[in-house]
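Student: Sequence plus predicted model, see below.
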Amino acid sequence: MTTETKPTALSAQELTRYSRHLILPEVGREGQERLRRASVLIVGAGGLGSPAALYLAAAGIGRIGMADFDNVEEHNLQRQILHGSSDIGRPKVESAAARLTDLNPYIRISSHPDGLSPDNSTALFSKYDLILDGTDNFATRYLNNDSAFFAGKPLVYGSIFRFEGQASLFHPTDGTPCYRCLFPDPPPPGKIPNCADAGVLGALPGAIGSFQAIEAIKHLLGIGENLRGRLLIFDALAMTFRTINIKKDPDCPLCGGQPRISRIDPENYAFSCQQEADMESGNGKGGPPLEVTVEETRGLVKRDSGDLDLLDVREPYEVEICRIAGAREIPMDHIPQRIDELPRDRPLLVYCHHGMRSLHVVKYLRDRGFPLAQSVRGGIDAWAREIDSGMARY
């Protein structure tokens, strides 16, 4: 969906709306008209994309694209301020378009409900002046970086984790570093938990997303000193800021002298917990597969005659939100001390929130004489989505 208005000179109403910009010598009428002619694509209408989109819309960016394939869920609302309770179940791009148009009816909103993929990323990026990364996973983060490079577009980067956030601006076609100059390759799948498993302070993406909006506006106006070649690190618990310099890596796999990445290959952006299982342990020395689906789990539970155990390795506060009846409840960190409580001679299905912690627990147990332990792929969140639609999600 695209909300279109023909770009014209600033109207009297717009002059009033942007008056606080117009009195800034660094912006003025000429700068405001430049913002009106500009276009920004925001990848992700979540925690980072929400504040960034709101402030870019309020600033008068002429066209804002929102790329996200997801729907609004209740657990999003702790930090994704672009959406409200009445939007639960609604596609995020629809909720975003309605909110941004209400905030500023003088701008255009382009919705991309299929989100970003290796098949469409470079072509989509080429239609915008600047890309803003509002994603929360490594696969899309590297896809954003690589696609922006091939499209020749500046990329405003942001990330959050628990109480810490980072921001930078990457524009390697301008001779400055890219994200891979800082982190050449993604970490092994499952080694770093995402915000769904580690948590995040709700106001933190508000700060980082706002920094991203500032960087985007400054870049489009050509004012101030931006974060090219620098990484801003914000610690919300200590309320401190650090800035570290990033050097362009001559051996960067993307923008270095002899790059090994010459195109967008879908296989480079498919990171998952299952990949980790395949890489590390295969089927566990001839035993059953390390993972079972929630559908397979339901079948095993239905057929159970006392020869099956379910093990929930989430934290107690998570169990209070939702649980599967009949499961043992032992937090992951307590498994070594309570390992003797677990059966070695019958199937043991282990689950957590999304399947990352449970996979690590299963590998730990297999190494200690539990050959029938298996992880429930996708965790209790997959169970809620595919098996029990009435179960609370978080």
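Tutor: Looks like it came in fine.
Student: From one end of stretch 293-309 to the other, what's the distance?
Tutor: 16 Å (CA to CA, to the nearest Å).
Student: wait, stretch 360-380
Tutor: 16 Å.
Student: How is the protein divided into domains?
Tutor: If you go by automatic domain parsing, the domain ranges for the chain are 2-271, 274-386.
Student: show me what contacts residue 229?
Tutor: Neighbouring residues of residue 229 by CB atoms under 8 Å, 6 or more residues apart in numbering: 176-177, 245-248. To be clear about C-beta, it is placed using only N, CA and C from the backbone, and glycine gets the same treatment.
Student: list the contacts for the closest residue in space to it that isn't next to it in sequence?
Tutor: Using CB to CB, 6 or more residues apart in numbering and skipping the chain neighbours, the partner closest in space to residue 229 is residue 176 (5.0 Å). Residue 176 makes contact with 170, 228-229, 248 under the criterion CB under 8 Å, 6+ apart.
Student: Against residue 345, how distant is residue 176?
Tutor: Residue 176 sits 60 Å away from residue 345, going by CB to CB, to the nearest Å.
Student: can you tell me the helix or strand for residue 111?
Tutor: Residue 111 belongs to strand 108-112 when assigned by DSSP states H and E.
Student: buried sites along stretch 358-367?
Tutor: For stretch 358-367, a neighbour-count test (16 or more other CB atoms under 10 Å) marks 358-366 as buried.
Student: and the residues you listed as CSV, adding secondary structure?
Tutor: Formatted as CSV, the buried residues of stretch 358-367 follow (DSSP: H, G, I helix; E, B strand; the rest coil):
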residue, secondary structure
358, helix
359, helix
360, helix
361, helix
362, helix
363, helix
364, helix
365, helix
366, helix
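Student: Quick check: which element contains residue 243?
Tutor: strand 240-245.
Student: partners of that strand in the sheet?
Tutor: strand 230-235 (antiparallel) (DSSP bridges).
Student: Contacts for the partner strand next, please.
Tutor: 163-168, 182, 204, 207-208, 211, 240-246.
Student: Could you list the low-pLDDT ranges of the protein?
Tutor: When residues are selected by pLDDT under 70, those of the chain lie in 1-8, 188-198, 271-286, 304-306.
Student: residue nearest the centroid of it?
Tutor: Nearest residue to the geometric centre of the chain (CA atoms, centre = their mean): residue 136, 1.4 Å.
Student: give me phi/psi at it?
Tutor: phi -130, psi 20 (degrees, to the nearest 10).
Student: Settle this for me: it is touching residue 45, isn't it.
Tutor: No - counting by CB atoms under 8 Å, residue 136 stays clear of residue 45, with 11.4 Å between them.
Student: returning to that earlier point: what would the domains of the chain look like in TSV with distance to residue 392?
Tutor: Formatted as TSV, the domains of the chain follow (distance: least, CB to CB, whole Å):
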stretch	distance to residue 392
domain 2-271	8
domain 274-386	5
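Student: so which of these gets nearest residue 393?
Tutor: Nearest to residue 393, of all the domains of the chain, is domain 274-386, at 4.9 Å by CB to CB.
Student: Pull the contacting residues for residue 316.
Tutor: 329, 331.
Student: Please apply the same query to residue 259.
Tutor: 252-253.
Student: Tell me the secondary structure of it, please.
Tutor: Per three-state DSSP, residue 259 ends up coil.
Student: same deal with residue 96?
Tutor: helix.
Student: Report how many residues lie close to it.
Tutor: 28 (other CB atoms under 10 Å).
Student: Adjust the sequence numbering to begin at 61 for everything that follows.
Tutor: All set: I'll call the first residue 61, so the last point we hit is now residue 156.
Student: In the chain, which helix is the longest?
Tutor: helix 264-281 (DSSP state H).
Student: how far out from the middle of the chain is that helix?
Tutor: Centre-to-centre, helix 264-281 and its host chain are 17 Å apart (CA atoms, centre = their mean, to the nearest Å).
Student: who does it touch, helix- and strand-wise?
Tutor: Under the contact definition 3 or more CB pairs under 8 Å, 6 or more residues apart in numbering; DSSP states H and E, helix 264-281 sits against helix 88-97, helix 109-119, strand 190-193, strand 215-221, strand 224-230, strand 290-295.
Student: so which of the ones you listed is the most packed in?
Tutor: Comparing the helices and strands packed on helix 264-281 by mean neighbour count (mean count of other CB atoms under 10 Å), strand 190-193 ranks first with a mean of 28.
Student: Would you tell me what the next helix or strand after that one is?
Tutor: With DSSP H and E, the next secondary element past strand 190-193 is helix 198-211.
Student: Can you flag the buried ones in the contacts of strand 290-295?
Tutor: Among these, those buried by neighbour count (16+ other CB under 10 Å) are 224-228, 242, 264, 267-268, 271, 306.
Student: and the two most separated of the residues you listed?
Tutor: 264 and 306 (21.7 Å).
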